[in-house]
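Asker: Okay, structure incoming, though there's no sequence with it:
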């Protein structure tokens, strides 16, 4: 997947200016930035759901704007950050419906079960989606994205409603999938767990991209969020935390 | 219960639900039609009626019993079924497309638009097919206006989520409907003969004029054709009713499907209105009850709701004819008496 000179504007503000990025198969990108920086807009543009104000998005060499909805769905799955369930439906039905591009029902049932199981949602299979908590509904939506079997996963805040155990479960599952991932995240440490690369969006047009180890550093994050960051290594794991008590660098 | 079996059981369960529901509804429709033929200001014995029909088909046309059955009641019952089926289909589609369980072609003014257009076509002296087409066009205009109010455009790839699920759409629809019906009332009152019956027909529905078997057959064919077009998109509609972005992300060509199904809904409403006037609440009650009992999978809701709608209108029309003989109540009055309380109850529950 590639962006060339991607520019996104919203309500007169320029969110992203001239973003050029090459995402290679297997890479896992974390997109970080303050609220309103354009993370959701970027994901929608990468998904082909939103026309950028400038530049273009290419998926597997083809321009996203020229692909049909079906071709896009074969290339990428999108996890949105909110869900609308105006009617009752079971979890299994909702996840199974995500296999719109595939005709077979027997294989669908297997894949649905596997996806629900890997996200600890198997017990929810017969429940009404309207009765789920936001965290459960989020995992169901992730399962739906997984059964689509697309090589690229675009995820808008995949762990924002998850308790610590489920957060770790989802991140492990995503890291274990052999998919190419672009995920908008608020939790820096989730990004450190999941991502091989990172993209920082300031929300004023500027952006920084590169391998996670080079981009996710306390100074860069402090500049991005306007809060001091400290890093600490615990049990071999590097953690970053915001330290509002300290003045920003 | 094996955990492995569960999702496949649940995933294929829609076929089972549909089959069980259809096993109830087809006989229910047959029974309703039978009642419609048997009951009326002239009571008929089912057996005598069967003999009478047999005689009529074998060429003996001078039997009054056959005349009543074939000439009056059968076409009327068949048109009632087609009208109910098309209104329920339209309602089911509107509810899915607008993501609003309270949508109904009558409440949302789609029937009103159809009535206005149809009466204009009649005033211009156009033929039956042209009237039906104008009616469909009027329904389409009202529906497009409604979508504009719901801030959802069928043009372009913009996937901004509109407010179809909110009460603003209902309110907008009620306004469109009120405007159409008011214009209709004025137009008809100012018409040369100023007759009251046409006004009642267009505002409250009336199946008394459906006396031709060829119209009835055409109506049934339209119903079938529209159902098949709707049914073809059932899986896409299932995704669309949970959000346009969701559907697009899973590969649905949302713009094309929405355009197609808006057209189906408008044409179904238009034809139903041109045949029987504005019959309300069938388009709301039938799909709503089906969803309540059988879930929201359109592969189940579409066939079951359309048959349920057919039953409801046939029964309502029979009731309208037999409640106060020889008077005939407008069928829309009967459906409103039954449907409006259900609508209000559901509105209050939300």
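Answerer: It's in. No experiment lies behind these values; they were computed from the predicted model shown.

Asker: got the contact list for residue 179?
Answerer: Looking at chain A here, since you left the chain open. Counting by Cβ atoms under 8 Å, 6 or more residues apart in numbering or on different chains, residue A:179 touches A:150-153. C-beta here means a position set from N, CA and C on the backbone, and glycine is covered the same way.

Asker: meant chain B, my bad for not saying
Answerer: With Cβ under 8 Å, 6+ apart, residue B:179 has these contacts: B:109, B:112.

Asker: If you drop the residues flanking it in sequence, what lies closest to whichever residue of the stretch 251-350 of chain B sits closest to chain A?
Answerer: Closest to chain A within the stretch 251-350 of chain B is residue B:251: 2.9 Å, counting by Cβ to the nearest Cβ. Sequence neighbours aside, residue A:73 is the residue nearest to residue B:251 in space, at 2.9 Å (criterion: Cβ to Cβ, 6 or more residues apart in numbering or on different chains).

Asker: can I assume that neighbour sits in a helix?
Answerer: Yes - when DSSP: H, G, I helix; E, B strand; the rest coil is applied, residue A:73 is found to be in a helix.

Asker: quick one: it and residue B:84, what's the gap?
Answerer: Taking Cβ to Cβ, to the nearest Å as the measure, residue A:73 falls 37 Å from residue B:84.

Asker: what residues are up against the residue of the stretch 251-350 of chain B closest to chain A?
Answerer: Residues in contact with residue B:251 (Cβ under 8 Å, 6+ apart) are A:69-70, A:72-74, A:100-101.

Asker: Buried ones from those residues, can you make that a ChimeraX selection?
Answerer: If you want just the buried ones from these in ChimeraX, going by 16 or more other Cβ atoms under 10 Å in any protein chain shown, the selection is:
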select /A:69,72,73,74,100,101
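
Asker: Out of the contacts of residue B:251, which two sit at the greatest distance?
Answerer: A:72 and A:100 (12.2 Å; Cβ to Cβ).

Asker: Which neighbouring elements make contact with the one helix or strand residue B:332 maps to?
Answerer: Secondary structure from DSSP states H and E places residue B:332 in helix B:331-349. Applying 3 or more Cβ pairs under 8 Å, 6 or more residues apart in numbering or on different chains; DSSP states H and E, we find helix B:331-349 packed against helix B:196-204, helix B:282-294, helix B:298-322.

Asker: what helix or strand is the residue positioned nearest the centre of chain B on?
Answerer: Among the residues of chain B, residue B:87 comes closest to the average C-alpha position under Cα atoms, centre = their mean, at 0.7 Å. Taking DSSP H and E as the criterion, the element that holds residue B:87 is helix B:74-98.

Asker: what's the domain layout of chain A?
Answerer: As given by automatic domain parsing, the domain ranges for chain A are A:2-216, A:217-249.

Asker: Can you get me the start-to-end distance on the first one?
Answerer: Distance between the two ends of domain A:2-216: 22 Å, counting by Cα to Cα, to the nearest Å.

Asker: Pull the distance from it to the chain's centre.
Answerer: 3 Å (Cα atoms, centre = their mean, to the nearest Å).

Asker: what does the last one give?
Answerer: Averaging C-alpha positions (Cα atoms, centre = their mean) puts domain A:217-249 22 Å from its chain's average.

Asker: ditto for stretch B:26-44
Answerer: Taking Cα atoms, centre = their mean, one finds the center of stretch B:26-44 at 20 Å from the center of the full chain.

Asker: what comes up buried for that stretch?
Answerer: Residues B:28-29, B:32-33, B:35-40, B:44 are the ones in stretch B:26-44 that count as buried (16+ other Cβ under 10 Å).

Asker: Dihedrals phi and psi, residue A:153?
Answerer: Main-chain torsions, residue A:153, degrees, to the nearest 10: phi -110, psi 120.

Asker: residues contacting it?
Answerer: Here residue A:153 is in contact with A:76-77, A:79, A:145-146, A:174, A:177, A:179-183 (Cβ under 8 Å, 6+ apart).

Asker: can you tell me the helix or strand for the spatially most central residue of chain A?
Answerer: Here the mean C-alpha position of chain A is nearest to the C-alpha of residue A:155 (Cα atoms, centre = their mean), at a distance of 2.0 Å. Using DSSP H and E, residue A:155 sits within strand A:152-156.

Asker: any idea how far chain B is from residue A:67?
Answerer: Note on residue A:67: its distance to chain B, by Cβ to the nearest Cβ, to the nearest Å, is 11 Å.

Asker: low pLDDT regions in the chain?
Answerer: I'll assume chain A. Where chain A drops to pLDDT under 70, the residues are A:247-249.

Asker: actually it's chain B I care about, not the one you picked
Answerer: In chain B (pLDDT under 70), the answer is B:1-12, B:40-70, B:151-166, B:191-200, B:350.
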